[in-house]
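In: using only what follows, build the 3D model:
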Amino acid sequence: MSRKGKVLVAMSGGIDSTVVALMMHQQGYEVIGITMKTWDYATAGGSKKETGCCNLDSFNDARAAAVHHGFPHYIIDIREEFGDAVIENFIEEYMAGRTPNPCVMCNTHIKWRALLKRANALDCEFIATGHYANIRNENERFIISKGKDETKDQSYVLWGLEQDLLSRTILPLGTYRKTEIRQMALDFGYPELAKKSESYEICFVPDNDYRGFLRRNVEGLDEKLKGGLFVDKHGKILGKHSGYPFYTIGQRKGLEVTLGKPAFVTAIDPNTNTVVLGDEEDLLRNEMQVGQINMIKYDKIEDGKEAIVKIRYKDAGNQATLFNQEKGIRVNFYDNAKGIAPGQSAVFYEGDDVIGGGIIQREIHK
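Out: Numbers count the residues shown, from 1 in each chain. Below you'll find the model as predicted:
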């Protein structure tokens, strides 16, 4: 038994998770690598091969690294668990006129719970992943904070992790920049891994065509959505569209209608199959409601708590005030936020620390 402890490392076969496993092995942890099969893309009828975490080559890369360095590696099939929680939610959210965030759903409900279950079965004290974020223990709370590399920071997608999961999690990459991790891959003797490109696609939509995915998985979708209309904020008809689930708040390109000026999707009504178009300023909102809250830094907040609120992964964040409600938190922005999309995650920050987060329920314009 290692004096450092036994750790289960989630290995996708990519550079980040592989370096984490080798780093921890080098530091004296007893490492067990595990790769999770979340999706079989061949069953989806897409036009491209599996990519990212579902690529057979990536599975082999992860196993080869483990074998070469002398620690065990397992592949587990969590497709059923993944499909129930992540894919069904993905479809339901688009059909409800909202914009889902499947990576957050996967982290929150599937990957970490699946890892913890296997960690317990293998007597592992810790779980480690290749996310660029930090975790520390302070005031009897396990707190997520931003990673050193601001261009890679992934604290936004981890807001849903509960305290029992955070207490067992190690994030070794939080104090490094991506360039340093690439150099580590070279130092470990993996030049091809250091050059390996990263996939930003949704793992179960590797051709990046979510509209095609919906058509393949919702029976008779095109027939159901015939006759949908683009309208302006006053209800004036501007043209016909392909179906409300194929559009997202803030979308400007691919609208299939010409108005002589830039137009943006500002609202979606699934009940009437209507998509509202407007000017960029019509996307501005000063308030929103957030539900399904998970608190990280504090077990609760006081009304009037000030925070920086991010409404999407690459959002710089907006200053806001938080107020408790019966079923969540009301967010009042100091300045208008642009493109608030129900279904997306809202994450509350205090400096670099994640206060907590939730799912945007609706935006409000006063």
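
In: which residues touch residue 327?
Out: Taking C-beta atoms under 8 Å, 6 or more residues apart in numbering as the criterion, residue 327 is in contact with residue 291. Just so you know, the C-beta spots here come from the backbone N, C-alpha and C atoms, and that holds for glycine as well.

In: no, scratch that, I was asking about residue 185
Out: 15, 18, 19, 191, 193, 194.

In: these into TSV, with extra columns for neighbour count?
Out: Rendered in TSV, the data for the contacts of residue 185 read as follows (neighbours: other C-beta atoms under 10 Å):
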residue	neighbour count
15	23
18	29
19	26
191	11
193	20
194	16
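
In: and of the residues you listed, the nearest to residue 346?
Out: Nearest to residue 346, judged by C-beta to C-beta, of these is residue 15 at 30.0 Å.

In: I figured that closest one hits residue 196, correct?
Out: Yes: counting by C-beta atoms under 8 Å, a contact exists between residue 15 and residue 196, whose distance comes to 5.5 Å.

In: among the contacts of residue 185, name the ones in helices.
Out: Filtering the contacts of residue 185 for membership in helices, criterion DSSP state H, returns 15, 18, 19, 191, 193, 194.

In: turn those residues into TSV, including pLDDT and distance to residue 364.
Out: Below are those laid out as TSV (pLDDT from 0 to 100; distance: C-beta to C-beta, whole Å):
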residue	pLDDT	distance to residue 364
15	93	42
18	95	45
19	96	44
191	87	52
193	81	47
194	80	47
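
In: which one among the residues you listed gets closest to residue 170?
Out: Distance to residue 170, by C-beta to C-beta, is smallest for residue 19 among the ones in helices among the contacts of residue 185, at 13.5 Å.

In: how about the contacts made by the closest one?
Out: Contacts for residue 19 (C-beta under 8 Å, 6+ apart) come out as 130, 173, 181, 184, 185, 188.

In: what about it, distance to residue 13?
Out: 12 Å (C-beta to C-beta, to the nearest Å).

In: and the residue of the chain most remote from its centre, what is it in contact with?
Out: Distance from the C-alpha centroid of the chain, by C-alpha atoms, centre = their mean, peaks at residue 236 (36.1 Å). The contact partners of residue 236, taken as C-beta under 8 Å, 6+ apart, number zero.

In: from residue 92, how far out is it?
Out: If you measure residue 236 against residue 92 using C-beta to C-beta, the figure is 31 Å.

In: what do you get for residue 177?
Out: Applying C-beta to C-beta to residue 177 and residue 92 gives a distance of 38 Å.

In: compare neighbour counts for the two and give me the winner.
Out: residue 177 (16 against 12; other C-beta atoms under 10 Å).

In: which one is the more buried one nearest to, not counting chain neighbours?
Out: Nearest non-adjacent residue to residue 177, counting by C-beta to C-beta, 6 or more residues apart in numbering: residue 149, 4.3 Å away.

In: ok, back up a step: now the contacts of residue 185 in a markdown table, with distance to residue 261?
Out: A markdown table is the format used below for these (distance: C-beta to C-beta, whole Å):
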| residue | distance to residue 261 |
| --- | --- |
| 15 | 44 |
| 18 | 49 |
| 19 | 48 |
| 191 | 50 |
| 193 | 47 |
| 194 | 46 |
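
In: and which of the residues you listed is nearest to residue 84?
Out: Of all the contacts of residue 185, residue 84 sits closest to residue 18, with 29.0 Å by C-beta to C-beta.

In: next, the closest residue to that closest one other than its chain neighbours: secondary structure please.
Out: The shortest distance from residue 18 to any residue that is not its chain neighbour, by C-beta to C-beta, 6+ apart, is 5.2 Å, and that residue is residue 65. Assigned with DSSP: H, G, I helix; E, B strand; the rest coil, residue 65 falls in the helix class.

In: tell me how far residue 65 lies from residue 16.
Out: When distances are taken as C-beta to C-beta, residue 65 and residue 16 turn out to be 12 Å apart.

In: can I assume residue 232 is in contact with residue 238?
Out: Yes: here residue 232 lies in contact with residue 238, judged by C-beta under 8 Å, at a distance of 5.9 Å.

In: overlap in contacts, those two.
Out: In contact with both residue 232 and residue 238: residue 277, using C-beta under 8 Å, 6+ apart.

In: okay, and the beta partners of residue 134?
Out: Taking DSSP bridges, one obtains residue 145 as the residues bridged to residue 134.

In: give the contact list for it.
Out: By C-beta under 8 Å, 6+ apart, residue 134 lies in contact with 144, 145, 146, 147, 155, 171, 174, 175.

In: tell me the domain ranges of this structure?
Out: The chain resolves into domains spanning 6-195, 225-278, 284-364 when parsed by automatic domain parsing.

In: noted, bye for now.
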